[in-house]
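>>> Quick one, what's the 3D model for this:
(chains A and B)
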Amino acid sequence: MLDQKSAGLSITIFFCQQLDPNQDVNRRAVEGELGDQVRFFPMPCGGRVDSLHLMRALESGADKVYLVTCPEGACRYREGNTRAQKRIAYTQSLIEEIGLERERLESIVASADTSVTIDELARELLAREASIGHSPMKGNKQV
Amino acid sequence: MITAVRKPISEIKEMLAPYAKILVVGCGSCVAECASGGEKEVGLLSSALRMDAKASGKEIEVREMTLDRQCVYEFIDQLTDVIDGYDIVLSLACGAGVQAVAEVFPKVLIVPALNTTFLGETKEAGLWVENCRGCGDCKLGFFAAVCPVTRCAKGLFNGPCGGSRTDRCEVDPDVPCAWQLIVSRLEDMGRLDLLRKVHPPADWSKQQGKGPRKIRREDQRT
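Model prediction:
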């Protein structure tokens, strides 16, 4: 089984910065270690994410795009996390229309009973099995 | 507001297939409000088209633009210095906008990315409902501002039909019975007397049968 890191997959992580008070330091540690293989986009709330962000990330060559939100019922802005799920679903249907696998977009709901740091989460995601290959968008200019 | 929904990408691709330089033009008015043709939707569709082309090994150039309105010449004119550089224009406007752009640039192929649907109201976030047929003979003053032609499934001028159940339409239980609304509102206003008037069948000649309609106001013309 090849993990996503070893397979050289580029991953983009949009995440709610409420999840990790030290996200700025923690994500920079991973960025420094892995370079372009992982890109982070901290957001004030998962609900801030828009389908256009997700599409542009895929168009820029990300093999896999994650959106990490707070657990259900734990959103600081009440419904941001549930709205984010709807945007993921909409964008998945859009990329399916052009023949891209919906699995290239994935929603991760942080666990309610454990605190999570974004660097730990990113490493965990990179250690997952590479169930999809490189994106046909590979080689596009990163925007 | 004029509402519209995006065509399937397969249908859009078929129209664009012979061309490599594509200008995608949105409209910042009605279709932006109903989240089908504004700047954001132009971005989404353009991204999708570029990705699709890349995946199939085709080289295309897609430029994104959004006009405040595609149905008014002063805004369409913003395309003048741009449009010649493209093989085709994909318009995310209503049918009126598509035709208005084509009128100004008759030698350029303009194709629609949207299916224009109805005159509607933003009922809540993400929900648009039809409430006007543009019949040209508005009778809302008699019906407590609820159009029975549009909002009653049977289009009854002299309702109700008697088939509603717990204030819901028997044709579609998701929809409130228009006549229940009319009667309740008139009752609240103490104007049930308005229901004594018997209305003749609608005069549809004001809407159709004479070709495209026009509104001409001399005081607005130059």
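
>>> Please, where are all the helices along chain B?
For chain B, applying DSSP state H gives helices covering B:9-16, B:30-33, B:39-55, B:73-76, B:95-104, B:148-151, B:178-189.

>>> Tabulate those in CSV, adding columns for mean neighbour count.
(Each C-beta comes from the backbone N, C-alpha and C, glycine too.) CSV is the format used below for those (neighbours: other CB atoms under 10 Å in any protein chain shown):
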stretch, mean neighbour count
helix B:9-16, 16
helix B:30-33, 22
helix B:39-55, 21
helix B:73-76, 15
helix B:95-104, 19
helix B:148-151, 21
helix B:178-189, 17
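
>>> Dump those to JSON lines, plus distance to residue B:119.
Compiled in JSON lines, those are given as follows (distance: least, CB to CB, whole Å):
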{"stretch": "helix B:9-16", "distance to residue B:119": "24"}
{"stretch": "helix B:30-33", "distance to residue B:119": "9"}
{"stretch": "helix B:39-55", "distance to residue B:119": "20"}
{"stretch": "helix B:73-76", "distance to residue B:119": "21"}
{"stretch": "helix B:95-104", "distance to residue B:119": "12"}
{"stretch": "helix B:148-151", "distance to residue B:119": "8"}
{"stretch": "helix B:178-189", "distance to residue B:119": "16"}
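
>>> For the longest helix seen in chain A, what is the distance to the chain centroid?
Using DSSP H to define each element, chain A has its longest helix at helix A:80-97. Relative to the mean C-alpha coordinate of its chain, helix A:80-97 is positioned 13 Å out (CA atoms, centre = their mean, to the nearest Å).

>>> Check stretch B:82-95 too.
Relative to its parent chain, stretch B:82-95 has a centroid offset of 19 Å by CA atoms, centre = their mean.

>>> Run through the residues that contact residue 22.
All of this is about chain A. In this structure, residue A:22 makes contact with residue A:117, judged by CB atoms under 8 Å, 6 or more residues apart in numbering or on different chains.

>>> that's the other chain; I wanted chain B
Applying CB under 8 Å, 6+ apart, the residues near residue B:22 are B:16, B:49, B:60-63, B:86-90.

>>> and if you look at residue B:144?
In this structure, residue B:144 makes contact with B:181-182, B:185-186, B:189, B:191, B:194, judged by CB under 8 Å, 6+ apart.

>>> Next up, phi/psi of it, please.
Listed backbone geometry of residue B:144 is phi 50, psi 40, with angles given as degrees, to the nearest 10.

>>> Give me the pLDDT for it.
Model confidence at residue B:144, given as pLDDT, is 97.

>>> And for residue A:128?
Confidence at residue A:128, expressed as pLDDT, is 94.

>>> Phi, psi for it please.
The phi and psi values for residue A:128, taken as degrees, to the nearest 10, are phi -70, psi 160.

>>> For residue A:1, see how far away it is.
Taking CB to CB, to the nearest Å as the measure, residue A:128 falls 10 Å from residue A:1.

>>> Residue B:185 now?
As defined by CB to CB, residue B:185 lies at a distance of 65 Å from residue A:1.

>>> What segments of chain A are strands?
According to DSSP state E, chain A carries its strands in the segments A:11-16, A:38-43, A:64-69, A:105-109.

>>> need the contact list for the most centrally placed residue in chain A.
The residue at the geometric middle of chain A, judged as the C-alpha nearest the mean C-alpha position with CA atoms, centre = their mean, is residue A:66 (2.0 Å). Contacts of residue A:66 were listed using CB under 8 Å, 6+ apart, and they are A:11-15, A:106-108, A:125.
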